[in-house]
Structures are given as C-alpha cells and as structure tokens.
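Peer 1: Just to be clear, the model below is a prediction. Sequence and coordinates:
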Amino acid sequence: MKNKWMDYFFGRVTVKVAGKGIERFLNVLIRNGLSISDVKRHGTETITFKIKLDDAFKIRHFARKSGVRLAFLQRRGMPFLVKRMVKNGGFFLGSGLFLLIIFLLSNVIWGIEIKGAKPATEYQIRKELDKMGVKIGNIQFFVNDVETIQKTLTDHIGALTWVGVELKGTTYHFQVVEKNQPKEPEQLAPRNLIAKKKATIVSRYVEKGQPVVEKNDQVQKGQLLVSGLIGKEGEEKPVAAKGEIWGETWYQTHVELPLTTKFNVFTGKEKRKHSLLLGSLKLPFWGFGKPAFSEYETETNTQKIHFLKWELPISIVNETVRQRQEIVRSYTNGEAVKIALDMAKKDIKSKLDEDAIIKETKILHKVIVNGKVNLDVFFKVYENIAQPQPIIQGDKNDTTSKNN
C-alpha cells in the first residue's frame, strides 16, 4: 500500500516495447537499477510494463542500444495531475473566485427588518444599528453578535422594554416591545388619603376631600389624612380625595467605607486576534503570539459562517485582549468620612420620592476600625406622606366615625 502511494506521488508511466530484443532490453534495465513492474506480453514481440516517471526519462538511451521501439501509453500520478491543473489554471481560478464571491455574499447583511416599533422608535433603533455597523452591505464578520446588539439597544434606547434580535441567513430580524406609558385615568374611584409612614405634619394642600389633620399633628402609618366623604353628616358623598400632605420623617442608615480600595481599570492598550473555528479545532490566522502585557481581560465574539441559506460548521472568532491595571486608591480619614456621608445620602435618596427634601443631616456615630470608616447617619426629611386608599361599601360609617 505504501509503495502504491509513493508511486502515485512521484508518478508512474505505462510503457509499450516492441521488437526482437525485448528480453535483452528488460535485463539491461534491471542491471542498471531501474524498477519495472506489471510486465505483460502481447504477442511474440510486444510487451508492456510500468516504470517510475524519473526512470522513464532514462530508458530511451537503453532502447536505442537494444534496437526496440518505445511508446508511452498511460501517465498517472501527482506530477501529471499538477500539470493538468496548471494547464487548466484559468478554469480552477475562475471556479475558486466564484465560490469566494458566493461565500462573501452569503455573509453580507442584505436586510434589516424591525417589527413592533413605532416610527420614532424605529428611527432610534436604526441610528443605533448604524453606530454598531449593522447596516446593509456590511460583512457579518465585523459586526457584534446578536446578544451584544440586543443589550446595546436595550441600554441606549429608553423606550424599549425588550427587543429580540435574530439573524436568519443574511437578514437581521428585530422584534420590539415598547414601554407603555400609562395614562392617568380621567375619573378616579372614590378614595381617602392615608399616611404611608409615621411623620409630623408640616404643610398640606388639599384639592378635593375633607382634611382631618392639621399642621404639627403627629400621625402614624395608615392614619386617615384626607377623607373622601364630603357633605353634611348623614348626606356624605364619596369623592376621590386629592392633595399633598407633607410631613417630617426620620431615617437612619449605616455606611462602611474602606480607607484603601483596589480595583482594575483598562489602560487603553489592546491586541486583536482572529481565528477560524472548525468544530472544536481553532486555527489562528491573525494576531499570533501572547500579548505583551501580563494582566489582561479577553472579550470573545464568534461569528457563524453561512453559505447561501445554510449555516456551516465554521466560525470566525474575534478576540480583543485588553490590558488592565490594578489601581490602589487610598483616602485620608477626613476624605473617607466625607465620601461615606455622600454614600449615605445617595442611599437615602434612592428610597425617597423625587420631590422629597433632605432638611437635616447629622452623624450620630463615627468610628474608624480595621481600616474602615463606619458611620451611623440621621436624616430629617420633608416628603409627601399621602397615599390613596379606596373607599368600598361599608367604609362610609367607619370614615364618618373617624372624622367625629
């Protein structure tokens, strides 16, 4: 088997020999180290045999001395195949270019379809897609994967609740769900206003309903502030109480902040690497070698390759290796206290309504231990403490008795 492969690689020729000195000619070839095989006789003065291509150039010399006639019948092996390929090089080159063009066209973005979006939202989506390079005519290899596109659109366009991204062949399909901005109902159901937390009343503005508290009153959570029943006793009419009751409330929070903090930042230096993924075999073709920096993070983006409508088991893997650097940030005791106090304010504001006002801030306890600043902070806040409570059947008498 090995000899057959070697013969095919180096080339083999079938030779026809005619004349009276055939046996003598074969003996001369063998004595001179030429390898012949498959010797067959065709009549009394004709034989055929096979010989290596390199030896075929030598036998003419021996044939002239032996008085026999030679004819080369068949030529097989790699050298002859290469010769034919060179001869027909234009055809193979054209075929290769044709397949390359089909391959590239199969991985070009030819369509972008957006469903479920209003015209204004669709315009915003297309602008963001242009920034990311997702536009007709671009090659898919240089575009982010669908998960990254989905996250970027959701982060950058506030009107989106959800967007589904799917790549089918050469077309991107986007299914959009927009946020529904609820409209305030024109007519509100009858209701009271009650306290949503413990507070001291500082001011009130009642647009509709009967107020039952005054300034400086202390109220508990759930206590009635504005009644939705108006009119003379026994002739009350239920309405939707509306207004603002501002109260003084109190909050306490605990904050810890290390004096020394370590974190990683990107330096801006990066290296790009590109590979061809064949199943589980990864073949790099750009960006060889290890990065010049020791600390780094790698972001990987894998692009599937298509041929016409079929997805091939081949992918282009794009890797971005970014250098990172560890930064040590240290605070003085005074700086740490100030930053911890700001953190406490942000924490409180995240729990309050937007219109709430922090009137007073006071540090109740401060200690620095084990490299950390520990603060207990008190806040006095003015905020609207009114929240609606529906009036249902059977509540009329209860509310009247509370008013009395």
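Peer 2: Noted; the coordinates are in hand. Numbers count the residues shown, from 1 in each chain.

Peer 1: got the contact list for the closest residue to residue 330 other than its chain neighbours?
Peer 2: Beyond its immediate neighbours in the sequence, the residue positioned closest to residue 330 (CB to CB, 6 or more residues apart in numbering) is residue 260, lying 5.0 Å away. The way it works is simple: take the backbone N, C-alpha and C, and place the C-beta from them, glycine included. The neighbourhood of residue 260, defined by CB atoms under 8 Å, 6 or more residues apart in numbering, consists of 328-331, 371.

Peer 1: between those, which has the most around it?
Peer 2: Neighbours were tallied for each of the contacts of residue 260 (criterion: other CB atoms under 10 Å), and the maximum of 17 neighbours falls on residue 331.

Peer 1: and the gap between the closest residue to that one other than its chain neighbours and residue 367?
Peer 2: On the basis of CB to CB, 6+ apart, the spatially nearest residue to residue 331 that is not a chain neighbour turns out to be residue 259, at 5.4 Å. For residue 259, the distance to residue 367 equals 13 Å [CB to CB, to the nearest Å].

Peer 1: Can you list the low-confidence ranges for the stretch 1-150 of the chain?
Peer 2: Along the stretch 1-150 of the chain, the model assigns pLDDT under 70 to residues 1-10, 80, 88-89.

Peer 1: What segments of it are helices?
Peer 2: Listed in chain order, the helices of the stretch 1-150 of the chain (DSSP state H, counting those that start in this stretch) span residues 2-10, 22-31, 53-56, 59-66, 78-87, 89-106, 119-132, 146-156.

Peer 1: The residue nearest to residue 279 when sequence neighbours are not counted: how many residues sit nearby?
Peer 2: Using CB to CB, 6+ apart and skipping the chain neighbours, the partner closest in space to residue 279 is residue 313 (5.9 Å). One way to gauge burial is a neighbour count; for residue 313, by other CB under 10 Å, it gives 9.

Peer 1: Kindly confirm my reading that residue 313 is in a helix.
Peer 2: No - using DSSP: H, G, I helix; E, B strand; the rest coil, the secondary structure at residue 313 is strand, not a helix.

Peer 1: Just to check, it is in contact with residue 281?
Peer 2: No - with contact taken as CB atoms under 8 Å, residue 313 and residue 281 are classed as non-touching, separated by 10.5 Å.

Peer 1: on that earlier part again, can you tell me how far the residue nearest to residue 279 is from residue 375?
Peer 2: Applying CB to CB, the value for residue 313 to residue 375 is 59 Å.

Peer 1: of the contacts of residue 260, closest to residue 249?
Peer 2: Checking the contacts of residue 260 against residue 249 by CB to CB gives residue 331 as the nearest, at 31.1 Å.

Peer 1: Please name the residues that touch that closest one.
Peer 2: Contact partners of residue 331, counting by CB under 8 Å, 6+ apart, are 257, 259-260, 339.

Peer 1: Relative to the host helix or strand of residue 172, what are the paired strands and their orientations?
Peer 2: Residue 172 is located in strand 171-178, with elements delineated by DSSP states H and E. Strand 171-178 has the following sheet partners, assigned by DSSP bridges: strand 111-115 (parallel), strand 160-168 (antiparallel).

Peer 1: Provide the angle between the direction of the first one and the direction of helix 119-132.
Peer 2: It refers to strand 111-115. 140 degrees (axes from the mean of the first three to the mean of the last three CA atoms, to 10 degrees).

Peer 1: From the chain's centroid, how far away is strand 111-115?
Peer 2: Taking CA atoms, centre = their mean, to the nearest Å, one finds the center of strand 111-115 at 19 Å from the center of the full chain.

Peer 1: ok, and what's touching it?
Peer 2: Strand 111-115 is contacted from outside by 122, 125-126, 129, 134-136, 170-176, using CB under 8 Å, 6+ apart.

Peer 1: that older thread, for residue 323, state which of the contacts of residue 331 is nearest.
Peer 2: If you rank those by distance to residue 323 using CB to CB, residue 260 comes first, at 23.2 Å.

Peer 1: hang on, the earlier thing: which helices and strands does the following helix or strand past the strand holding residue 172 pack with?
Peer 2: Using DSSP H and E, the next helix or strand after strand 171-178 towards the C-terminus is strand 191-195. For strand 191-195, the elements it packs on are strand 224-227, strand 242-258, strand 386-390, judged by 3 or more CB pairs under 8 Å, 6 or more residues apart in numbering; DSSP states H and E.

Peer 1: Residue ranges in the stretch 251-400 of the chain under the pLDDT threshold?
Peer 2: If you take pLDDT under 70 as the line, the stretch 251-400 of the chain has these spans: 308, 393-400.

Peer 1: Run through the helices of it in chain order.
Peer 2: 333-351, 395-403.

Peer 1: next one: phi and psi at residue 222?
Peer 2: Residue 222 has phi and psi values of phi 90, psi -10 when expressed as degrees, to the nearest 10.

Peer 1: which residues touch it?
Peer 2: Shown in contact with residue 222 (CB under 8 Å, 6+ apart): 194-195.

Peer 1: Mind pulling up the pLDDT for it?
Peer 2: You'll see residue 222 listed with a pLDDT of 92.

Peer 1: and it, how far is that from residue 384?
Peer 2: Taken as CB to CB, the spacing of residue 222 relative to residue 384 amounts to 16 Å.

Peer 1: One more: residue 94?
Peer 2: From residue 94 to residue 384 the distance is 78 Å (CB to CB).

Peer 1: Then residue 58?
Peer 2: In this structure, residue 58 lies at 108 Å from residue 384, with CB to CB as the measure.

Peer 1: and if you look at residue 78?
Peer 2: The value you get for residue 78 to residue 384, if CB to CB is used, is 89 Å.

Peer 1: Same question for residue 175.
Peer 2: Residue 175 sits 40 Å away from residue 384 when distances are taken as CB to CB.

Peer 1: neighbour-wise, which of these two wins?
Peer 2: In terms of neighbours (other CB under 10 Å), residue 384 is the more surrounded of residue 175 and residue 384; the figures are 19 against 14.
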